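> predicted model and sequence below, questions to follow.
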Amino acid sequence: MNNKSLAKSHLKQAEERIKHSKEAFQDGNNPYVVRQCQEAVKLLLKASLRFVGVEPPRWHDVGIILKQEKERFPDWFKKEIDELASIFRMLRKER
């Protein structure tokens, strides 16, 4: 599979995590909501890396790689990278 196909796969998986987090939220299962949201964010960030041709790391926190590869992204996305990395880090700690 090429990077674009893998990116699309990550997007699909993230959508599933969001769907499950909504169900868990309705059931009051807040720890599971946080976990599913964290995984969705991780998958979306990995998809963004793959989309620009960067193989994401095997570890969970991809914020460092996003910052290192910042110049590969369009300007509108570059402006959000620091905040995205921060949100991901916060969700990871909550998990």
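Everything's here; your move.
> buried set for the helix or strand harbouring Ser5?
Using DSSP states H and E, Ser5 sits within helix 3-26. Residues 3, 6-7, 10-11, 13-14, 17-18, 20-21, 24 are the ones in helix 3-26 that count as buried (16 or more other C-beta atoms under 10 Å). (Glycine included, C-beta is placed from N, CA and C.)
> and what of stretch 77-84?
81, 84.
> tell me which element Leu66 falls in.
Judged by DSSP H and E, Leu66 forms part of helix 63-68.
> wait, Leu66 sits on Leu45?
Yes: the criterion here is C-beta atoms under 8 Å, and Leu66 meets it with Leu45 at 6.3 Å.
> between the two, who's got more neighbours?
Legend: neighbour count by other C-beta atoms under 10 Å for Leu66 and Leu45, higher for Leu66 (26 against 23).
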